[in-house]
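Q: Quick one, structure for this:
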Amino acid sequence: MQRLYDFLRRHPTGVDSFWAVLFFGVSMLNVVGEPDIGRPLKFAAVPVVIALSTAVALRRKWTQAMFWLTLGAGVFQLLMGIVAGVYDVAMFVILFTVAASEVPRWVSRTAVGWGLAAAPLYFVRFGVDKGSNSVDNVLFAVFMVIPFVLAWVLGDSLRTRRAYYAQLIERNQRLEKEREAQAKVAVAGERARIARELHDVVAHNVSVMVVQADGAAYVMDVAPEQAKEALQTISGTGRQALAEMRRLLGVLRTGEPQESEDYVPQPDVEQIEVLVEQVRAAGLAVDFEVEGAPRRLPSGVELTAYRIVQEALTNTRKHGGPEAKASVRLVYFDDGLGLLVEDDGRGAAHELYEDGGADGAGHGLIGMRERIGMVGGTLDAGPRPGGGFRISALLPLKKR
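A: The predicted structure is shown next:
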């Protein structure tokens, strides 16, 4: 049954042609069997039947042309004095089709105007004898307008429903495309976040390992115990880096954090002190100070604060020189957290703290600005008066 329905929907003109053949046969029987129509008028009614049957067959293929053909057949019928018959049912069908189709609105309005005028014109042409007085005749003529109005209203309602349905489909398609675009943006953002995380993890831990390895090589012969401690630091730092990288790559593969002993939690503000101790063990003198009452902050703010301090100290080790010293200051405000990381070293090249860098460098500071932007904070990074480098950040509790 469904196949038959689908076939009929795919071949509307064939279905209309089938009904048009039946309509033609019934109409011709009506013309031949009508006793009130003389032979000349019967011959004149044949082209009307043919025109209206053709209009029924092709009404959905050439709607506008079939409307004009039907209108012409109706005018011819009035001029020739051919009384109404079964064949005039086609006029209701065409009026419904015009109202339901995507033809110009002026054509639809012309059709309903013709429908309103058809019955009165017919009764003007042939007269009305349906009541005892003229009032009854007028009421009957008005009543005969109703079928034309109903045909047009039903067709226009169908056209409105189709248009509404088409808008719903278009809207759903647009929303689906928007969801796909948002999903792609989210994936790109997540990959960018993971890239920043990997940069911070690798840059910090590898720089610690390099410093420790250089120190171990330098004191290997004269101070084996110090060399052993340096190697142990390298081993611990390497394991920590691998654990964080496994966590990030696990998220990249599955899209969700995994609970395992190989995966470490996201670093927070409390671990900044541990980070400072690790950097001190690597040979960089760092002063650490906390002002205000420490408290729990949003996880995004805590991670951002940790990564900023980590990147700043990594840059100090890379660009500050062997005698550089650094200071880290955390300030808890009522509405946020302030960070100040300074060093008295040589400082980085000017290109490294410009947005993007003239040579594509400065990815660490670019990552800082992106992290700050995600939590609605502000960042100021650049050379410090008197030498060295300064990074100042303000992280609000609520994103602005």
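
Q: Every contact and neighbour count from this point should use C-alpha atoms.
A: Will do.

Q: Tell me which residues of the helix or strand containing residue 367 come out buried.
A: Secondary structure assignment for residue 367, by DSSP states H and E: helix 363-375. By 16 or more other C-alpha atoms under 10 Å, the buried positions in helix 363-375 come out as 363-372, 375.

Q: CA atoms only for it, dumped as CSV, please.
A: Coordinates of each C-alpha in helix 363-375 appear next as CSV, following Å, rounded to 0.1, in the frame of the first residue of the first chain:
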residue,chain,number,x,y,z
HIS,A,363,53.3,31.0,21.6
GLY,A,364,53.5,30.8,25.4
LEU,A,365,52.3,34.4,25.9
ILE,A,366,49.7,34.0,23.1
GLY,A,367,48.4,31.0,25.1
MET,A,368,48.4,33.2,28.3
ARG,A,369,46.2,35.8,26.5
GLU,A,370,43.8,33.2,25.2
ARG,A,371,43.5,31.6,28.7
ILE,A,372,42.9,35.1,30.2
GLY,A,373,40.3,35.9,27.6
MET,A,374,38.4,32.7,28.3
VAL,A,375,37.9,33.6,32.0
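
Q: just how off-centre is that helix within its chain?
A: Using C-alpha atoms, centre = their mean, to the nearest Å, the mean C-alpha position of helix 363-375 is found 26 Å from that of the whole chain.

Q: Kindly report the same for stretch 19-34.
A: Chain-centre distance of stretch 19-34: 56 Å, with C-alpha atoms, centre = their mean.

Q: Provide the secondary structure category for residue 342.
A: Reducing the assignment at residue 342 to three states with DSSP: H, G, I helix; E, B strand; the rest coil gives strand.

Q: so it sits right up against residue 388, yeah?
A: Yes. When contacts are counted by C-alpha atoms under 8 Å, residue 342 is listed as touching residue 388 (7.2 Å).

Q: just checking, residue 276 touches residue 283?
A: No. Counting by C-alpha under 8 Å, residue 276 does not reach residue 283; the two are 10.9 Å apart.

Q: what about the stretch 101-250 of the chain, any weak spots by pLDDT?
A: Per-residue confidence of the stretch 101-250 of the chain (counting by pLDDT under 70) places the weak regions at 128-133, 136-137, 187, 190-191, 193-205, 207-208, 211-212, 243-250.

Q: What ranges does it have for its strands?
A: When assigned using DSSP state E, counting those that start in this stretch, the stretch 101-250 of the chain turns out to have no strands.

Q: Please confirm that residue 328 is located within a helix.
A: No. When classified by three-state DSSP, residue 328 is found to be strand rather than part of a helix.

Q: Would you check how far apart it and residue 313 are?
A: Remark: distance between residue 328 and residue 313 (C-alpha to C-alpha, to the nearest Å) = 9 Å.

Q: what do these two both touch?
A: Contact criterion C-alpha atoms under 8 Å, 6 or more residues apart in numbering; residues shared by residue 328 and residue 313: residue 341.

Q: and the two? which has more neighbours close in?
A: For residue 328 and residue 313, the more surrounded residue by other C-alpha atoms under 10 Å is residue 313, and the numbers stand at 26 against 21.

Q: Which other helices and strands does the host helix or strand of residue 317 contact?
A: Counting by DSSP H and E, the element that carries residue 317 is helix 299-319. When contacts are defined as 3 or more C-alpha pairs under 8 Å, 6 or more residues apart in numbering; DSSP states H and E, helix 299-319 packs onto helix 146-219, helix 272-281, strand 325-332, strand 336-343, helix 363-375, strand 389-396.

Q: what residue ranges in the stretch 251-400 of the chain score low on pLDDT?
A: By pLDDT under 70, the low-scoring segments of the stretch 251-400 of the chain are 251-266, 347-364, 398-400.

Q: how does it look with 50?
A: Confidence mapping of the stretch 251-400 of the chain against pLDDT under 50 gives the ranges 257-263, 351, 353, 355-362.

Q: and stretch 382-399, how far out from the chain's middle?
A: When distances are taken as C-alpha atoms, centre = their mean, stretch 382-399 is centred 38 Å away from the chain's centroid.

Q: Can you mark which positions in it are buried?
A: Neighbour counts using 16+ other C-alpha under 10 Å place 382-383, 388-397 of stretch 382-399 among the buried residues.
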